[in-house]
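Participant: Show me the folded form of this:
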Amino acid sequence: MSKLATAAKRLLVGRPFRSDRLAHTLLPKRIALPVFASDAMSSVAYAPEEIFLVLSIAGLSAYAFAPWVGVVVVVVMLTVVASYRQNVRAYPSGGGDYEVATVNLGPRAGLTVASALLVDYILTVAVSISSAAANIGSAIPFVATHKVEFAVAAIVVLTAINLRGIRESGSAFAVPTYAFMAGILLMIGYGLVRGLVLGDEMRAESAGLEVRAEDDHLMGLAFVFLVLRAFSSGCAALTGVEAISNGVPAFRKPKSRNAATTLLMMGLIAVTMLMGLIVLAQMTGVRMAEDPARQLVNAPEGYEQKTMVAQIAGAVFDGFPAGFFFITVVTALILVLAANTAFNGFPVLGSILAQDRYLPRQLHTRGDRLAFSNGILFLAGAAIILVVAFDAEVTKLIQLYIVGVFVSFTMSQTGMIRHWNRLLATETDQAARARMRRSQAINAFGLVMTGSVLVVVLITKFTKGAWIAIAAMAAIYALMTAIRRHYDRVAEELRQQERQRLLPARNHAMVLVSTLHMPTLRALAYAKATRPDVLEAVTVNVDDSDTRKLVLDWERENFKVPLKVIESPYREITKPVLDYVKRVRSDNPRDVVTVFIPEYVVGHWWEQVLHNQSALRLKGRLLFQPGVMVTSVPWQLASSKKVTHRDVVAPGAIRRGLDKRGRDRGGQDRGRQEGRGPDERGPDERGGHGRGADDRGADRRGADDRGARKRDDK
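Facilitator: Below you'll find the predicted structure:
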């Protein structure tokens with residue numbers, strides 16, 4: 001079974017990488033762009049659509065505000081990109097917003113940012129995959145009716161790809177990401193040429209539908225609130241910008257410059273596609289509604305509302321179905337791969353938090369392919385739960401979205417302002433001060449913009465579901481604080497115990513005996529080899545006849561080790577042994593008690609049920625006793641050889657002339673002489689029952705034999 005699991009893991013993940021190959025996994029800019037920026041670029045597939053969906057509540061006339069909402073979103077995005085270019089230069093270690101907030105605002109602010117980002121990364125996966133299911137469903141009805149199953153399968157596949165390592169996942173995602181960018185930009189350019197230069201009429205399939213306002217009294221403040229809500233939904237296009245600041249260590253040198261360049265490219269491409277789609281949606285007359293059944297008045301029976309990108313592609317590439325299907329496919333692919341931004345950002349942030357003892361230390365270690373495998377698996381599991389809980393509906397999930405990312409944006413910009421203030425207090429060079437003032441001004445403007453968006457998001461989305469994300473952030477914050485307190489308490493406890501440098505006075509060793517057989521003899525021989533101050537064998541009297549037979553056999557073998565019989569009137573084993581160990585400890589508090597327990601090593605899971613149960617229970621209780629050491633002495637049953645890795649060369653085997661299976665190269669199977677393993681000599685070979693063989697004497701005899709052979713050769 002273990003070989004099958006190992007083979008499956010190698011097929012899925014690939015062969016493991018050595019630690020010194022970490023430098024070979026670093027990314028050039030052409031690969032880093034699809035790895036870290038796919039989320040921000042792919043969000044243009046649903047961010048413009050969300051703007052139109054929210055505005056549809058006020059009716060068709062509200063669509064006129066869509067371009068202006070888009071312009072404000074573009075201003076915010078460019079501001080955030082410019083601000084984060086300062087971040088990656090000032091903090092290139094990969095901590096991103098968490099490091100900026102922790103260093104400049106304190107640990108609590110850093111934990112707030114970290115909890116917000118962790119929640120947002122999980123939502124990034126859920127929203128991107130759900131949007132991909134919706135886009136594919138526009139072309140394939142089967143996917144539309146099985147969105148949840150499709151989303152779960154896509155997350156599983158994406159997890160497997162990321163487990164193979166960041167370099168491999170980046171190479172796999174580069175082609176579809178660049179295909180999406182080229183396809184969308186080509187569609188925008190071709191559509192603008194057709195509409196503005198050639199004067200062709202392009203009509204989306206929903207252009208003739210009437211959109212009825214849900215509330216005819218949306219006037220004044222209510223309408224302003226609706227526009228602000230549309231703006232907050234459109235700000236989903238900014239998600240993913242922070243991932244580059246967390247992923248700076250994955251870039252090739254010069255890391256900061258390459259990360260800043262990638263940020264700029266991402267921002268310019270994303271805003272171009274965002275505004276281009278909004279303009280094309282206006283030109284083609286796309287109609288989007290939150291509730292198509294009620295809002296689309298003259299929709300035909302059985303009408304299925306397609307995504308905005310699909311409708312625009314159908315209008316622009318009218319008469320050219322290949323163009324429509326290409327745009328639909330690459331959009332779905334980029335939305336699936338957009339989750340890769342979170343799969344690279346979440347594990348890195350989790351590793352940093354684990355290193356700071358805010359998360360379990362398992363998240364800090366890299367897997368076989370030098371990726372943070374535990375963080376990847378945790379992210380996938382959390383995203384699957386969200387997808388199933390919200391039925392893979394983008395409109396439901398988007399309400400939880402972007403709260404966390406704007407919390408981190410706002411606190412990061414605040415931290416950067418304090419960072420520049422601290423540097424300005426000691427800098428005397430005027431040119432350097434001018435650069436710092438310019439950077440500080442950029443971060444200050446970014447603070448104003450992101451802070452304003454955060455307020456709008458909290459006001460407009462809190463009752464729509466944002467409170468769930470806020471509650472999740474608070475829960476993660478409390479969990480990380482509790483984990484840090486636990487680690488600190490354990491570290492302090494260990495430091496206090498380290499100061500107690502008194503060595504134990506004596507070692508009182510006990511060998512647990514149930515039957516006089518080979519495992520018992522091995523445990524007894526090993527206990528004698530440790531040279532304890534006191535050595536005794538201990539048995540529990542559960543059955544009088546079995547105990548009398550054991551005592552007689554023990555006396556017949558004439559062991560020099562005394563056999564202690566513990567009475568058990570209630571036929572228990574664990575409690576009598578535990579009480580006896582406590583009595584020994586109380587009589588001699590400075591002594592350490594070492595308990596040797598023989599155990600079987602089995603090859604089948606069902607054999608484990610039949611053996612070692614008493615030993616496991618006793619071991620579990622003894623481990624909680626202070627001053628008690630528990631030593632398991634294994635005895636390999638014949639079935640255990642089936643799970644032995646035969647292709648592993650034992651240390652020193654080649655030097656001794658043995659092959660991988662323990663046989664000498666002349667054909668003699670040294671590991672199977674007389675049906676015994678190489679370390680399973682009989683009692684006579686050990687120098688008597690219970691007495692360990694004199695290995696050093698054996699080595700001397702072997703040396704004498706070799707010397708005799710050399711003399712004969714001479």
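
Participant: And residue 663, what's its pLDDT?
Facilitator: On the pLDDT scale, residue 663 is placed at 51.

Participant: and if you look at the one 4 residues further on?
Facilitator: Among the per-residue scores, residue 667 shows a pLDDT of 45.

Participant: same thing with the one 4 residues further on?
Facilitator: In the prediction, the pLDDT value recorded for residue 671 is 40.

Participant: How about residue 111?
Facilitator: 92.

Participant: ok, how many other residues are close to it?
Facilitator: By other C-beta atoms under 10 Å, 23 other residues sit near residue 111. In short, each C-beta sits where N, CA and C put it, glycine included.

Participant: Angles on the backbone of it, please.
Facilitator: phi -70, psi -40 (degrees, to the nearest 10).

Participant: contacting residues for it?
Facilitator: Contact partners of residue 111, counting by C-beta atoms under 8 Å, 6 or more residues apart in numbering, are 358, 477, 480, 481.

Participant: again, 10 Å this time
Facilitator: Residues counted as contacts of residue 111 (C-beta atoms under 10 Å, 6 or more residues apart in numbering) are 98, 101-102, 353, 356, 358, 473, 476-478, 480-481, 484.

Participant: Export stretch 486-496 to PDB, keeping only CA atoms.
Facilitator: Output of stretch 486-496 as PDB, limited to C-alpha atoms (Å, rounded to 0.1, in the frame of the first residue of the first chain):
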ATOM      1  CA  HIS A 486       0.900  28.600  23.100                       C
ATOM      2  CA  TYR A 487       4.300  28.700  21.400                       C
ATOM      3  CA  ASP A 488       5.600  31.400  23.700                       C
ATOM      4  CA  ARG A 489       4.300  29.500  26.800                       C
ATOM      5  CA  VAL A 490       6.000  26.300  25.600                       C
ATOM      6  CA  ALA A 491       9.300  28.100  24.800                       C
ATOM      7  CA  GLU A 492       9.300  29.800  28.300                       C
ATOM      8  CA  GLU A 493       8.600  26.400  29.900                       C
ATOM      9  CA  LEU A 494      11.500  24.800  28.100                       C
ATOM     10  CA  ARG A 495      13.800  27.700  29.000                       C
ATOM     11  CA  GLN A 496      13.000  27.200  32.600                       C
END
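
Participant: What are the buried residues along it?
Facilitator: residue 487 (16 or more other C-beta atoms under 10 Å).

Participant: Same question for stretch 304-319.
Facilitator: In terms of neighbour count (16+ other C-beta under 10 Å), stretch 304-319 has its buried residues at 305-318.

Participant: now the end-to-end length of that stretch.
Facilitator: Using C-alpha to C-alpha, to the nearest Å, the end-to-end distance of stretch 304-319 comes to 21 Å.

Participant: which element is residue 566 on?
Facilitator: strand 563-567 (DSSP states H and E).

Participant: re the thing from before, narrow the contacts of residue 111 to those that are buried.
Facilitator: When the contacts of residue 111 are checked for burial by 16+ other C-beta under 10 Å, the buried set is 98, 101, 102, 353, 356, 358, 473, 476, 477, 480, 484.

Participant: Out of those, which is nearest to residue 155?
Facilitator: Closest approach to residue 155 among those (C-beta to C-beta): residue 476, at 20.2 Å.

Participant: which ones are touching the spatially closest residue to the closest one that is not a sequence neighbour?
Facilitator: Excluding the flanking residues, the one nearest residue 476 by C-beta to C-beta, 6 or more residues apart in numbering is residue 115, at 4.1 Å. Contacts for residue 115 (C-beta under 10 Å, 6+ apart) come out as 98, 353, 358, 404, 407-408, 472-481.

Participant: Nearest to residue 264 among the buried residues of stretch 304-319?
Facilitator: residue 309 (24.8 Å).

Participant: doesn't residue 184 make contact with the closest one?
Facilitator: Yes. Counting by C-beta atoms under 10 Å, residue 309 does reach residue 184; the two are 7.9 Å apart.
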